[in-house]
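In: only geometry, no sequence info:
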């Protein structure tokens, strides 16, 4: 049994909203970084370098989130949306509504976490 169309439509709407928010955050952060004055003493320059490092870290997080959102939208288009990568069972509706880009059901996330812990020790 597949994921109900109504659920897929709601998740797609949430994904598109999230995509817009991520792109706006990137645009705003870039504008704020560019607006800063390049002069100043050593302390000002240090603050600017730290701000640039923070900006790059945020860019990486936003890029990762955008990739997950785009991947979920692609799964919707291909008809593979809403199925766990670990169990191949449908992902819980509540989980999809909360995290529409998720690839794992609760059970699948627990399986993956236990495997990660097991191999991290070795």
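Out: Thanks, I have the structure now. Because the structure is predicted, anything quoted here is derived from the model rather than measured.
In: residues touching the residue sitting furthest away from the middle of the chain, list them.
Out: Computed with C-alpha atoms, centre = their mean, the maximum C-alpha offset from the centroid of the chain is found at residue 41, amounting to 37.4 Å. For residue 41, no contacting residues are found, by C-beta atoms under 8 Å, 6 or more residues apart in numbering. All C-beta atoms are positioned from the backbone trio N, CA, C, and that covers glycine.
In: for it, give its distance to residue 48.
Out: Residue 41 sits 11 Å away from residue 48, taking C-beta to C-beta, to the nearest Å as the criterion.
In: C-terminal to the biggest helix by length in the chain, what's the next element?
Out: Ordering each helix of the chain by length in residues (DSSP state H) puts helix 42-78 first. Beyond helix 42-78 in the direction of the C-terminus, DSSP states H and E gives the next helix or strand as helix 93-98.
In: what residues of that next one count as buried?
Out: Judged by neighbour count (16 or more other C-beta atoms under 10 Å), helix 93-98 contains these buried residues: 95, 96.
In: elements contacting that helix?
Out: helix 5-35 (3 or more C-beta pairs under 8 Å, 6 or more residues apart in numbering; DSSP states H and E).
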